[in-house]
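K.L.:
Sequence and computational prediction follow.
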Amino acid sequence: MERKGDKLTHLILDELSTTFITPFDREDISSLASCMDDVIDGINSCAKRITIYNPRPISESGKELSRLIQEEAAYISKAMDELETFRKNPAPLRQYCSKLHDIENQADDVYEFFITRLFEEEKDCIELIKIKEIMHELEKTTDAAEHVGKLLKNLIIKYA
């Protein structure tokens, strides 16, 4: 899926260089496509780390970050559906951006709690490093998803 995302991102960027009229500024489209690609890259990076590191099972509180990323992805998808109509009715897109921000704040709390407990409870240093790195990558992915929301908010300010 990550490679498919890369192909779509490159296609979008190639189309920008040949399309005369775009629905909004080329720079905004480029930034949005690149930022969405960062979310996909983060998910892929986490999956690869899990495969390579083969850590012990991560606790339920750790898995919560994955669920939050999945929720963010759903809101990003809904937000993309609003791009054709947000100029007439920006409220739904604004709401999705707000949800992305809220989820990222929640993810920060989950991450901080998990890391605190990890350092208190994990005695195997190698496992600690493996799990910490995976969790950090997940947290960075939630940040990337929130960044998509920030770019969309800028579109609302610019065009609605």
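P.N.:
That came through fine.
K.L.:
In the longest helix seen in the chain, which residues are buried?
P.N.:
Taking DSSP state H as the criterion, the chain has its longest helix at helix 125-159. With burial defined by 16 or more other Cβ atoms under 10 Å, the residues of helix 125-159 counted as buried are 128, 130-132, 134-135, 137-142, 144-149, 151-153, 155-156. No exception for glycine: its C-beta is placed from N, CA and C like everyone else's.
K.L.:
got it, and stretch 21-31?
P.N.:
So for stretch 21-31, counting by 16+ other Cβ under 10 Å, buried means Asp28, Ile29, Ser31.
K.L.:
and the most centrally placed residue in the chain, what pLDDT?
P.N.:
The chain has Ala145 as the residue nearest its centroid, 2.7 Å off, counting by Cα atoms, centre = their mean. For Ala145, the model assigns a pLDDT of 98.
K.L.:
And for Cys97?
P.N.:
97.
K.L.:
Spell out which residues sit in contact with it, please.
P.N.:
Ala79, Gly149, Lys150, Leu152, Lys153, Ile156 (Cβ atoms under 8 Å, 6 or more residues apart in numbering).
K.L.:
which SS class is the spatially most distant residue from the centre of the chain?
P.N.:
Taking Cα atoms, centre = their mean, the residue of the chain most remote from its mean C-alpha position is Lys123, at 31.1 Å. For Lys123, the assignment made with DSSP: H, G, I helix; E, B strand; the rest coil gives coil.
K.L.:
what are the ranges of the helices in this protein?
P.N.:
2-18, 26-53, 60-81, 91-121, 125-159.
K.L.:
Tell me which other helices or strands the helix or strand of the chain with the lowest mean pLDDT touches.
P.N.:
Every helix and strand of the chain was ranked by mean pLDDT, DSSP states H and E. The lowest is helix 2-18, at a mean of 82. Contacts defined by 3 or more Cβ pairs under 8 Å, 6 or more residues apart in numbering; DSSP states H and E place helix 2-18 against helix 26-53.
K.L.:
still on that earlier bit, okay, the least confident helix or strand of the chain in PDB with CA atoms only?
P.N.:
Once non-C-alpha atoms are left out, helix 2-18 reads as follows in PDB (Å, rounded to 0.1, in the frame of the first residue of the first chain):
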ATOM      1  CA  GLU A   2       2.900   2.300   0.700                       C
ATOM      2  CA  ARG A   3       4.200   1.900  -2.800                       C
ATOM      3  CA  LYS A   4       0.700   2.500  -4.200                       C
ATOM      4  CA  GLY A   5       0.600   5.700  -2.100                       C
ATOM      5  CA  ASP A   6       4.000   6.800  -3.500                       C
ATOM      6  CA  LYS A   7       2.800   6.200  -7.100                       C
ATOM      7  CA  LEU A   8      -0.400   8.300  -6.400                       C
ATOM      8  CA  THR A   9       1.700  11.100  -4.900                       C
ATOM      9  CA  HIS A  10       4.000  11.100  -7.900                       C
ATOM     10  CA  LEU A  11       1.100  11.100 -10.200                       C
ATOM     11  CA  ILE A  12      -0.500  14.000  -8.400                       C
ATOM     12  CA  LEU A  13       2.800  16.000  -8.600                       C
ATOM     13  CA  ASP A  14       3.300  15.100 -12.300                       C
ATOM     14  CA  GLU A  15      -0.300  16.200 -13.100                       C
ATOM     15  CA  LEU A  16       0.300  19.500 -11.300                       C
ATOM     16  CA  SER A  17       3.100  20.400 -13.700                       C
ATOM     17  CA  THR A  18       0.900  19.800 -16.700                       C
END
